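> got a sequence here, can you build the structure:
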Amino acid sequence: MKAQRGAAILMAMLIVVLVATLASGMMWQQWRSFELESAQRTRVQAAWILTGGLDWARLILREDARQGGPDHLSEPWAVPLAPARLSTFLAAERGQALVSDENDPDQEAFLAGGMQDLQARLNVTNLIDGGKLHEPSRAAWARLFEHLNLPEQELDGMAQRLLQATLAVRKPEPKADLMPQTVADLVWLGLSPTTLQAITPFVTLLPARTPVNLNTATAEVLLASVPGLDMAKARQLVQQRATKPLENLNDAEQRLDNPQLHLDAALHSISSRFFSVTGQLRMGSSTLQERSVLQRDGLNVTVLSRVREVVAAEGTPLQ
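A predicted model of the protein is given here:
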């Protein structure tokens, strides 16, 4: 009898453990489903907000085109949006705020962003013209490499492989390099990671040939794009245009005040067609970031590309 009673107690304990395990598993599944649904809802809300921010950027560029005149860094499009709390005016489902608990720092939502003129940089596309290397553009890149103390042989190798990849588009070759789609892809063409990191702030890759906007280019890009210009004069021009933007190329030549320096309308301008828009929405411990490239032709502003990624609080992209 004692053995049977002990076996019954043991069986009862096993059943209790089994029931507890099943119940815990069901609760975990329910909690997991809730978390996934919450995360999905947050991503959808964030995507809507970033899309709205992109539409607002397009409107700003359209209105800027309507006003006419040169593009410079004192215009509304060039003013960055500092991180702004959204919890006080954004509404989510059931009429509740996107973030209802303002006392919980982990639940705050902040939107930030900015716009940059991509024609303030040297364009990779300019290196090739009509199936040949464009020597003025190649010379501009060489001046940038010299200023940054980078090996010019890497530039020569990259330019030659870029030319071969361009020609292969017209006449496919099995061993030809692929055409780069972004500046980061230039490592395909032989640039070292160190060189790529050094030139990234000063170069871009656009779908068409573009002149450098002298109103928005950095001193380094001005030095590279204007033959014979030294860094002192480039920095002086940057300071002058901050007070009074350049009106046209003749105005720029007068401010350079050097008869040996000549500007070319094919290589230099005071207006732009291509812009990048960066939007960041920070919610809790993660940030959703979106980078877009816009092309403006008259009052028509087209989105050429959008890249979105979730970034951890430390800035590391989440997988």
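
> can you give me the helices in the stretch 201-319 of the chain?
219-225, 231-243, 249-256 (DSSP state H, counting those that start in this stretch).

> name the residues of the longest one that come out as buried.
Taking 16 or more other C-beta atoms under 10 Å as the basis for neighbour counts, the residues of helix 231-243 that come out buried are 233-234, 237-238, 241. All C-beta atoms are positioned from the backbone trio N, CA, C, and that covers glycine.

> quick one: end-to-end length of stretch 66-78, please.
When the termini of stretch 66-78 are compared using C-alpha to C-alpha, to the nearest Å, they are 16 Å apart.

> now tell me what touches that stretch from outside.
57, 60-61, 63-64, 115, 117, 213, 215-216, 241-242, 245-248, 270-272, 275, 299 (C-beta atoms under 8 Å, 6 or more residues apart in numbering).

> still on that earlier bit, can I get the helices of the stretch 201-319 of the chain in JSON lines with distance to Ile49 and mean pLDDT?
Shown next, in JSON lines, are the helices of the stretch 201-319 of the chain (distance: least, C-beta to C-beta, whole Å; pLDDT from 0 to 100):
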{"stretch": "helix 219-225", "distance to Ile49": "33", "mean pLDDT": "97"}
{"stretch": "helix 231-243", "distance to Ile49": "32", "mean pLDDT": "95"}
{"stretch": "helix 249-256", "distance to Ile49": "40", "mean pLDDT": "94"}
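
> dump these to JSON lines, plus distance to Asn123.
JSON lines is the format used below for the helices of the stretch 201-319 of the chain (distance: least, C-beta to C-beta, whole Å):
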{"stretch": "helix 219-225", "distance to Asn123": "10"}
{"stretch": "helix 231-243", "distance to Asn123": "19"}
{"stretch": "helix 249-256", "distance to Asn123": "18"}
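
> for the ones you listed, which one sits closest to Phe110?
helix 231-243 (29.0 Å; C-beta to C-beta).

> and that closest one with helix 249-256, angle?
120 degrees (axes from the mean of the first three to the mean of the last three C-alpha atoms, to 10 degrees).

> helices and strands around helix 231-243, which ones?
On a contact count with 3 or more C-beta pairs under 8 Å, 6 or more residues apart in numbering; DSSP states H and E, helix 231-243 meets helix 219-225, helix 249-256.

> point out where the stretch 101-250 of the chain drops to low pLDDT.
101-107, 170-176 (pLDDT under 70).

> one more time with 80
Residue ranges of the stretch 101-250 of the chain with pLDDT under 80: 101-109, 169-177.

> show me where it has strands.
Assigned by DSSP state E, counting those that start in this stretch, the stretch 101-250 of the chain shows strands spanning 109-117, 122-123, 128-129, 132-133, 203-204, 212-213.

> can you put those strands in CSV and add distance to Glu75 and mean neighbour count?
What follows is the strands of the stretch 101-250 of the chain, written out as CSV (distance: least, C-beta to C-beta, whole Å; neighbours: other C-beta atoms under 10 Å):
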stretch, distance to Glu75, mean neighbour count
strand 109-117, 10, 20
strand 122-123, 21, 22
strand 128-129, 30, 17
strand 132-133, 35, 13
strand 203-204, 19, 20
strand 212-213, 12, 26
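
> could I have the buried ones of the contacts of stretch 66-78 as PyMOL selection syntax?
Buried residues within these, by 16+ other C-beta under 10 Å, are selected in PyMOL with:
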select buried, resi 57+60+61+64+115+117+213+215+216+241+245+246+270+271+272+275
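
> nearest residue to Gly228 other than its sequence neighbours?
In this structure, Gly228 finds its nearest non-sequential neighbour in Leu261, 5.3 Å apart by C-beta to C-beta, 6 or more residues apart in numbering.

> what does stretch 186-203 rub up against?
Residues contacting stretch 186-203 (C-beta under 8 Å, 6+ apart): 121-124, 144-145, 148, 150-151, 154, 157-158, 161-162, 165, 177-178, 180, 183-184, 218, 220-221, 224.

> now, of the residues you listed, which are buried?
Judged by 16+ other C-beta under 10 Å, buried ones among the contacts of stretch 186-203: 121-124, 144-145, 150, 154, 158, 161-162, 165, 177, 180, 183, 220-221, 224.

> state the pair within the buried residues of helix 231-243 that is farthest apart.
It's Lys233 and Arg241 that sit farthest apart of those, by C-beta to C-beta, at 12.6 Å.

> and the gap between Phe277 and Leu299?
If you look again at residue 277, you'll see it is Val, not Phe. 17 Å (C-beta to C-beta, to the nearest Å).
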